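Undergrad: Would you be able to build a 3D model of this:
(one chain, ligands or ions: 2)
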Amino acid sequence: MKGPYGKMVDGGQRLARVLGEGTGHLLWPRLCLNCKTPTPVNQGTLCQSCWGDILACTAGQYCPTCGLDVSEYAVFDRRCPQCVNERFHFDQLLRCGVYDLGFRDMILAFKNGRTEMDAVLGPMAGHMLQGHPLAGEIEVFVPVPLHWTRRMGRGYNQAQLLARALRFRGIPVSIALKRKRRTLPQPVAGSVGARRRNVEGAFAVGRPASIQGRCVCVVDDIKTTGATLSECARILRQAGAKRVYVLVLAVAGQRSVG
Ligand SMILES: [Zn+2]
Ligand SMILES: [Zn+2]
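TA: Residues are numbered from 1 along each chain as shown. Ligands and ions are numbered 1, 2, ... in the order given. The predicted model follows:
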């Protein structure tokens with residue numbers, strides 16, 4: 001069963017099979033891509049323990065605006081009680097899971113040099129899209145850009161790698177957004193105004209023809225406050241995008257239940 005907000009989990013085995021595709025050339029014994037434990041081939045690219053970590057972070061319903069875990073009965077007009085007073089310029093958020101436990105470690109590793117993790121994270125996001133009712137509308141993926149100085153330091157932009165690793169229905173990836181200036185890491189505890197000011201004027205659209213009149217999906221690894229994604233959406237709309245969705249691997253700031 002697919003929930004209205006694109007629940008991605010319909011059994012770990014099916015997910016494992018999907019994510020194992022494309023890596024069948026690897027010789028036995030295969031090592032878990034994440035923790036390097038020897039792993040039976042039929043488990044796909046990760047070991048059972050790493051699958052467990054992912055499944056623990058990717059189940060459940062979430063708010064289509066802020067992305068936090070919430071029952072669908074608490075969502076009214078695409079808002080939950082946690083974001084009812086917030087304003088975002090994107091139309092809707094699609095996510096794989098919450099930024100927690102082993103899933104958080106995998107995303108951090110991906111950001112800190114383990115670029116091969118795109119072989120797990122890309123297909124995972126693609127699989128989530130597969131079950132999402134909005135997926136059919138997306139016409140172009142646009143990764144959130146890094147400032148060139150940061151990209152030089154890291155050697156790559158993880159959002160761009162992720163967008164390319166999606167390989168979803170042949171939808172193109174456009175490097176339409178540019179970062180004009182460096183921004184500070186978003187202060188999660190900062191005021192809404194401070195977060196907005198930090199990213200205001202930080203982005204520009206470099207290839208307007210690739211997004212004009214189109215339904216754009218902005219891609220990033222994590223949503224923290226949402227101010228960056230919202231500012232990207234605002235700039236894309238201003239440049240002529242018809243609709244803007246955002247796709248992230250994980251949403252941070254989940255207040256855990258219990
Ligand atoms: Zn593992
Ligand atoms: Zn919400």
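Undergrad: pretty sure G97 belongs to a strand, no?
TA: Yes: according to DSSP: H, G, I helix; E, B strand; the rest coil, G97 belongs to a strand.
Undergrad: who does it bridge with?
TA: With beta bridges defined as DSSP bridges, G97 has these partners: A250.
Undergrad: show me the contacts for it.
TA: Contact analysis of G97 by C-beta atoms under 8 Å, 6 or more residues apart in numbering lists 8, 54, 57-59, 103, 249-251. Quick note: C-beta positions are derived from backbone N, CA and C, even for glycine.
Undergrad: between these, which is closest to G193?
TA: Distance from G193 was checked for each of the contacts of G97 by C-beta to C-beta. The minimum falls on V251, at 21.6 Å.
Undergrad: Pick the one among the contacts of G97 closest to M128.
TA: The closest of the contacts of G97, once distances to M128 are taken by C-beta to C-beta, is M8, at 3.9 Å.
Undergrad: And the residue lying closest to F103 once chain neighbours are set aside, what's its pLDDT?
TA: Closest residue in space to F103, ignoring its immediate chain neighbours: C57 at 3.8 Å, by C-beta to C-beta, 6 or more residues apart in numbering. In the predicted model, C57 carries a pLDDT score of 89.
Undergrad: Just name whatever secondary elements the strand or helix carrying C57 is in contact with.
TA: Per DSSP states H and E: C57 is located in helix 48-58. The elements that helix 48-58 packs onto, with contact taken as 3 or more C-beta pairs under 8 Å, 6 or more residues apart in numbering; DSSP states H and E, are helix 12-20, strand 92-98, helix 101-111, helix 118-130.
Undergrad: What's the nearest residue in the stretch 101-250 of the chain when you look at ligand 2?
TA: Of the stretch 101-250 of the chain, the residue with the smallest distance to ligand 2, taken as C-beta to the ion, is G226 at 9.7 Å.
Undergrad: Just the pLDDT at that residue, thanks.
TA: pLDDT recorded at G226 is 93.
Undergrad: wait, doesn't it sit right on E86?
TA: Yes: the criterion here is C-beta atoms under 8 Å, and G226 meets it with E86 at 7.3 Å.
Undergrad: show me what contacts the residue of the stretch 101-250 of the chain found nearest ligand 1?
TA: Residue nearest to ligand 1 within the stretch 101-250 of the chain: G102 (8.3 Å; C-beta to the ion). G102 is in contact with 34, 49-50, 52-54, 56-57, counting by C-beta under 8 Å, 6+ apart.
Undergrad: for Y245, same thing?
TA: Contacts were defined as C-beta under 8 Å, 6+ apart; by that measure Y245 touches 90-94, 134, 137-138, 215-218.
Undergrad: which SS state does the nearest residue to it once chain neighbours are set aside fall under?
TA: Nearest-residue entry for Y245: C217, 4.7 Å, with adjacent residues in sequence omitted and distances by C-beta to C-beta, 6+ apart. What three-state DSSP gives for C217 is strand.
Undergrad: Just the pLDDT for C217.
TA: 98.
Undergrad: Who is it paired with across the strands?
TA: Residues in a beta bridge with C217, per DSSP bridges, are F141, Y245.
Undergrad: Give the burial count for it, as a bare number.
TA: Other residues near C217 number 28, with proximity taken as other C-beta atoms under 10 Å.
Undergrad: hmm, back to that, got any residues that touch both of G226 and E86?
TA: When contacts are counted by C-beta under 8 Å, 6+ apart, G226 and E86 are jointly contacted by C66.
Undergrad: Show me which of the two is the more surrounded one.
TA: When neighbours are counted by other C-beta under 10 Å, G226 and E86 differ, and G226 comes out ahead with 27 against 14.
Undergrad: do you know how far the more buried one is from V192?
TA: With distances defined as C-beta to C-beta, to the nearest Å, the gap from G226 to V192 amounts to 10 Å.
Undergrad: And for I211?
TA: 27 Å.
Undergrad: Looking at the two, which is more packed in?
TA: Counted by other C-beta under 10 Å, I211 and V192 do not tie: I211 has more neighbours, with 24 against 13.
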